[in-house]
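Novice: starting from these lines, generate the structure:
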Amino acid sequence: MFFELQHTARGGAARAGRFTTGHGAVETPVFMPVGTAATVKGILHRDLADDARAQIILANTYHLYLRPGARVLEEAGGVHRFCGWERPMLTDSGGFQVFSLADCRKITEEGCRFASHIDGSRHLFTPENVVDTQRSIGADIMMAFDECPPGTADRAYAEKSLELTHRWLARCWERYERTEPRYGYRQSLFPIVQGVVYPDLRERSARYARQFPADGYAIGGLAVGEPAEEMYRMIETVNAVLPADRPRYLMGVGTPGNILEAIERGVDMFDCVMPTRNGRNGMLFTTEGIVNIRNEKWAADFGPLDPAGVSFVDHAYSKAYLRHLAMAGEMLAAQIASLHNAAFYVWLTGEARRHIMDDTFAEWKPGVLEKITRRA
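Specialist: Numbering: from 1, shown residues only. Down below sits the predicted model:
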């Protein structure tokens, strides 16, 4: 995977770049809609792929491992052919999902034993078989297996967890080096930096991760309960250590405000379930602020969902109509809102890129941040 750092914002760390995979190029900063089970919930691939609206999407190793399983994906020729998505795809390692099953998993040096949330069957994830599973899935970018401790973890636990993550990373990398892609294109493996909110642990983890000549690096274990300012401080600490000539991926973050703050600190790649999850619950992100479409104030508002026209929704649905659909419990409401929110996140990172390239990011960010984070 080739990464070209195209421009760094004047007087800051915000960056614009471009990386190339076997399924196409991706311009950064970039937001990756989350397609947990090889589908972005409620959205047709067509609506994400038209005009390269979404340059890359994310799928989840844990969910695809359990259903439909690696054998089916191999027989299909990989996840791209299985689901009909022809652009790049990233898979996370499944570690976050496994470790969120606190009542039905056990972590050891070997890996993590857990019970399926589907049928209670018992499984084991190890650094080696997680790499193997992601090889079978066929994602362009794969994640190393790590432990994701809570943002409130004490230092003793954080340090113990970090050392385990580092030992697992070494095993992941060895397995990665010993195996080949299954479908004829390169698959990159990104190490994940952990360390909770302890700057010295974060720095130690970043230095350890950069020993591996990876195509990119991920920052994990943030937006899991720690204050936002601590998250931003950890991003600055890590990015000061990670190589400048490789993409940096902030995992699972976050709100539009979080994304702009992270871009300002040098992050290139983002994913989050918030656009689609919040959309299904009636929340819209717009250029004029956050809209709860269920509120009575929108009942007779026949204006567009976004006054600036930010949308992947081809039809000009009004707020009043969307509210009507939501109050009536129509499935179309969740679909329209999810698609709109995905468009907003893609627009936001695209606008950030444009202003970085134009050397106007520092002037643009405060104004847009104030507008998009207020309640409309």
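Novice: which helices and strands sit right next to the helix or strand of the chain with the lowest mean pLDDT?
Specialist: Taking mean pLDDT, DSSP states H and E as the measure, helix 95-99 is the helix or strand of the chain with the lowest mean score, a mean of 72. Helix 95-99 sits against helix 61-66, strand 105-107, strand 112-115, with contacts defined as 3 or more C-beta pairs under 8 Å, 6 or more residues apart in numbering; DSSP states H and E. Where you see a C-beta, it was placed from the backbone N, CA and C, and this is true even at glycine.
Novice: in terms of mean pLDDT, which of the ones you listed ranks lowest?
Specialist: With a mean of 86, strand 105-107 has the lowest mean pLDDT of the helices and strands packed on helix 95-99.
Novice: identify the bridge partners of R248.
Specialist: Bridge pairing for R248 (DSSP bridges) gives the partners Y217.
Novice: and the residue most central in space within the chain, what element?
Specialist: The centroid of the chain falls nearest to D271 when counting by C-alpha atoms, centre = their mean (1.9 Å). Of the helices and strands defined by DSSP states H and E, D271 is found in strand 269-272.
Novice: past that strand, which element shows up next along the chain?
Specialist: Downstream of strand 269-272 (by DSSP H and E), the next one is helix 274-280.
Novice: now the next helix or strand after that following helix: how far from the chain's centre is it?
Specialist: Using DSSP H and E, the next helix or strand after helix 274-280 towards the C-terminus is strand 283-286. Taking C-alpha atoms, centre = their mean, to the nearest Å, one finds the center of strand 283-286 at 19 Å from the center of the full chain.
Novice: partner strands of strand 283-286, parallel or antiparallel?
Specialist: Applying DSSP bridges, one finds strand 283-286 paired with strand 289-292 (antiparallel).
Novice: and the contacts of the strand it pairs with?
Specialist: 282-285, 298, 305, 319, 371-376 (C-beta atoms under 8 Å, 6 or more residues apart in numbering).
Novice: which one of the residues you listed is nearest I235?
Specialist: T373 (18.3 Å; C-beta to C-beta).
Novice: can you classify the residue nearest to the closest one when sequence neighbours are not counted by secondary structure?
Specialist: In this structure, T373 finds its nearest non-sequential neighbour in G257, 4.8 Å apart by C-beta to C-beta, 6 or more residues apart in numbering. Following DSSP: H, G, I helix; E, B strand; the rest coil, we place G257 in the helix state.
Novice: tell me where the longest helix sits in this structure.
Specialist: helix 331-357 (DSSP state H).
Novice: per-residue confidence averaged over that helix?
Specialist: 96.
Novice: show me what secondary structure element comes after it.
Specialist: helix 361-373.
Novice: by contact count, what packs against that next one?
Specialist: helix 256-264, strand 289-292, helix 331-357.
Novice: on that earlier part again, of the contacts of strand 289-292, which is the nearest to L169?
Specialist: Out of the contacts of strand 289-292, the member with the shortest distance to L169 (by C-beta to C-beta) is F285, at 34.6 Å.
Novice: spit out the contact partners of that closest one.
Specialist: Taking C-beta under 8 Å, 6+ apart as the definition, contacts of F285 comprise 256, 275, 278, 291, 340-341, 344-345, 372.
Novice: one more pass at 10 Å, please.
Specialist: Applying C-beta atoms under 10 Å, 6 or more residues apart in numbering to F285 gives the contacts 255-256, 274-275, 278-279, 291, 306, 310, 337, 340-345, 347-348, 372-373, 376.
Novice: tell me how many other residues crowd H117.
Specialist: By the criterion of other C-beta atoms under 10 Å, H117 has 13 neighbours.
Novice: I'd guessed it sits against G94; true?
Specialist: No - if you go by C-beta atoms under 10 Å, H117 and G94 don't touch, sitting 11.9 Å apart.
Novice: pipe the contacts of strand 289-292 into CSV and attach pLDDT per row.
Specialist: Listed next are these as CSV, based on pLDDT from 0 to 100:
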residue, pLDDT
G282, 97
M283, 98
L284, 97
F285, 97
W298, 98
L305, 94
K319, 96
K371, 97
I372, 97
T373, 96
R374, 96
R375, 95
A376, 91
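Novice: of all those residues, which two lie farthest apart?
Specialist: G282 and K371 (20.5 Å).
Novice: between the two, who's got more neighbours?
Specialist: Using other C-beta under 10 Å as the criterion, G282 and K371 rank with G282 on top: 19 against 13.
Novice: circling back to that earlier point, out of the contacts of F285, which are buried?
Specialist: Neighbour counting over those (16 or more other C-beta atoms under 10 Å) leaves 255-256, 274-275, 278-279, 291, 306, 310, 337, 340-345, 347-348, 372, 376 as the buried ones.
Novice: please enumerate the helices of the stretch 1-150 of the chain.
Specialist: 45-49, 61-66, 70-76, 79-83, 95-99, 127-137 (DSSP state H, counting those that start in this stretch).
Novice: hey, least reliable of these by pLDDT?
Specialist: Among the helices of the stretch 1-150 of the chain, helix 95-99 scores lowest, with a mean of 72.
Novice: can you dump the C-alpha atoms of that one in CSV for me?
Specialist: Once non-C-alpha atoms are left out, helix 95-99 reads as follows in CSV (Å, rounded to 0.1, in the frame of the first residue of the first chain):
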residue,chain,number,x,y,z
GLY,A,95,-10.9,-7.5,19.6
PHE,A,96,-13.1,-4.6,20.7
GLN,A,97,-16.2,-6.8,20.2
VAL,A,98,-14.7,-9.7,22.1
PHE,A,99,-13.5,-7.6,24.9
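Novice: circling back to that earlier point, got the helices and strands packed on helix 361-373 as JSON lines, with distance to A144 columns?
Specialist: What follows is these, written out as JSON lines (distance: least, C-beta to C-beta, whole Å):
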{"stretch": "helix 256-264", "distance to A144": "21"}
{"stretch": "strand 289-292", "distance to A144": "35"}
{"stretch": "helix 331-357", "distance to A144": "24"}
